[in-house]
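Participant: Sequence and predicted model, in that order:
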Amino acid sequence: MTPMELLLMAVMAALAVSLVVAALRARRLAQASAAAAARAATLERELDARTRRLEESAARALERRNEELASANRELQRTQDQLLQSEKLASIGQLAAGVAHEINNPIGFVQSNVATLDRYVADIFALIAAYEQAETSIADPALRANVEAARKAADLDFVKDDVRALVAQSRDGIARVAKIVSDLKGYSRSASDERWQPADIHAAIDSTLNIVYNEIKYKAEVRKEYGTLPLIECRPAQLSQVFMNLLMNAAQAIRGQGTITIRTRDAGAHVVLEFADTGEGIEPANLARIFEPFFTTKPVGKGTGLGLSVAYGIVSDHGGEIAVDSTRGEGTVFRVFLPVAQPEVSPSAPSTCASANSDGTPGERFPATSRHPMA
Ligand SMILES: Nc1ncnc2c1ncn2[C@@H]1O[C@H](COP(=O)(O)OP(=O)(O)OP(=O)(O)O)[C@@H](O)[C@H]1O
Ligand SMILES: [Mg+2]
């Protein structure tokens, strides 16, 4: 071989080696890039999964937050409704107290005058009866005929009966007006000057039952399911008025025969008194209005619509709450929540009493925040 050929062979061998090396490199490169692509795909999948998880948990958190906001909003709405209701009742109460104060005086003297008139009429009739007896001894026939004619003209026999009926009706009417005025005064919280004292609530309910028993005995059987209660710091006569109004309403709501159940229970810092009836129930549309003064569904002359507003005012004044649950056609339960003790300080904060809520469970609805002076 010539040196030229040898050189050529050496160059070719070197070329072949570098070609093989390049091919090997290219293969490694291809392998590396395939591995990188696979890694990239895995990373992408992981990223997708992680993004999905993040999105899902963000959506759940958002949903939770939304629910919390919606519930806070509902709570705010409820509190606002209660405040509005309390404010409305408080201002109506002030108006009612003012009217009651103005009417009280004239009612007082009309009542006293009618009673005096009744006595005078009785005296005059006694005198007329004496004159009638003396009539037969009038010797002058013309004079006797005159007296007889005058009596007939005056229709004395009818007048005698009618005057008595008129006076009795007037006394009745005035007594009814006086009762309304006294209820209105009871509605105004400041009207009460009864002393705060520890009282046995069961005894107060029982004595109220005695008073109204005549009114309810033909319509309802009264069942008592009394728990053990501590003495309650309260104004007992005022509370009796609450019990009376609730019992009367219960009896009046019963068509035919029914049952009134009075349940009491101790709930620690407060007590719960339930007055449940099997009466006709309350229309849902009326539930929000039953505590308003003069709201009544009873016929004219039967109800003045003051019973529950008076009860509401008194219970609020005790720092308590009154709530109602009613099902049309099945019956109604009024729950009265009363604190066992009254606070000693007296900034008169507005009561949080609800008017017509149907979920009066003690935990959720009580204690109220109002504080009242101790008399
Ligand atoms: N236990 C009850 N069952 C059914 N409806 C009731 C009951 N208690 C109250 N109500 C309804 O609430 C209304 C208002 O009651 P509230 O005691 O204030 O007035 P009233 O009973 O109509 O009249 P008043 O009590 O002044 O004689 C009633 O007219 C009645 O429609
Ligand atoms: Mg009533």
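Facilitator: Looks like it arrived, so ask away. Since the structure is predicted, the reported quantities are computational estimates derived from the model, not experimental observations. Ligands and ions are numbered 1, 2, ... in the order given.
Participant: Excluding sequence neighbours, find me the nearest residue to Phe294.
Facilitator: Gly305 (4.2 Å; C-beta to C-beta, 6 or more residues apart in numbering). (Each C-beta comes from the backbone N, C-alpha and C, glycine too.)
Participant: Sticking with the one you found, tell me its helix or strand.
Facilitator: For Gly305, there is no helix or strand it lies in under DSSP states H and E.
Participant: ok, it to Arg45 distance?
Facilitator: 73 Å (C-beta to C-beta, to the nearest Å).
Participant: What mean pLDDT does the helix or strand harbouring Leu47 get?
Facilitator: If you go by DSSP H and E, Leu47 is part of helix 3-135. For helix 3-135, the mean pLDDT works out to 89.
Participant: That helix and ligand 1, any residue contact?
Facilitator: No. Taking C-beta under 6 Å from any ligand atom as the criterion, helix 3-135 and ligand 1 are apart, separated by no less than 11.9 Å.
Participant: gap between that helix and the chain center?
Facilitator: With C-alpha atoms, centre = their mean, to the nearest Å as the basis, helix 3-135 stands 26 Å off its chain's centre.
Participant: Next, the closest residue to Leu246 other than its chain neighbours: secondary structure please.
Facilitator: Among residues not flanking Leu246 along the chain, Phe275 sits closest, at 4.4 Å (C-beta to C-beta, 6+ apart). Under DSSP: H, G, I helix; E, B strand; the rest coil, the three-state class of Phe275 is strand.
Participant: Kindly report the same for Phe291.
Facilitator: coil.
Participant: Next one: it from Thr116, what distance?
Facilitator: Phe291 sits 39 Å away from Thr116, going by C-beta to C-beta.
Participant: ok, back up a step: so for Gly305 and Arg45, which residue has more residues nearby?
Facilitator: Gly305 (17 against 10; other C-beta atoms under 10 Å).
Participant: thought that one was touching Asn286?
Facilitator: No. Look at Gly305 against Asn286 with C-beta atoms under 8 Å: they stay out of range, at 11.2 Å.
Participant: which residues are in contact with both of those two?
Facilitator: Phe295 (C-beta atoms under 8 Å, 6 or more residues apart in numbering).
Participant: tell me, how many neighbours does the nearest residue to Ile211 once chain neighbours are set aside end up with?
Facilitator: Spatial nearest neighbour of Ile211, excluding adjacent residues (C-beta to C-beta, 6+ apart): Met244 at 6.6 Å. Neighbour count of Met244, defined by other C-beta under 10 Å: 19.
Participant: would you say Met244 is within a strand?
Facilitator: No. Under the criterion used here (three-state DSSP), Met244 is helix, not part of a strand.
Participant: Looks like it contacts Val212 (just checking).
Facilitator: Yes. Using C-beta under 8 Å, Met244 is in contact with Val212, at 5.7 Å.
Participant: for the closest residue in space to Arg328 that isn't next to it in sequence, what are its contacts?
Facilitator: Counting by C-beta to C-beta, 6+ apart, Arg328 lies nearest to Gly281, which is 4.2 Å off, once chain neighbours are set aside. Neighbour list for Gly281: 253, 326-332 [criterion: C-beta under 8 Å, 6+ apart].
Participant: switch to 10 Å and redo it
Facilitator: 253, 325-332 (C-beta atoms under 10 Å, 6 or more residues apart in numbering).
Participant: Of the residues you listed, which are in range of ligand 1?
Facilitator: 253, 332.
Participant: my read: Cys234 touches Phe243, true?
Facilitator: No. Using C-beta atoms under 10 Å, Cys234 is not in contact with Phe243, being 11.6 Å away.
Participant: overlap in contacts of the two?
Facilitator: Counting by C-beta under 10 Å, 6+ apart, the residues touching both Cys234 and Phe243 are 201, 204.
Participant: show me where the stretch 101-250 of the chain has helices.
Facilitator: Taking DSSP state H, counting those that start in this stretch as the criterion, the stretch 101-250 of the chain carries its helices at 141-154, 156-187, 201-216, 236-253.
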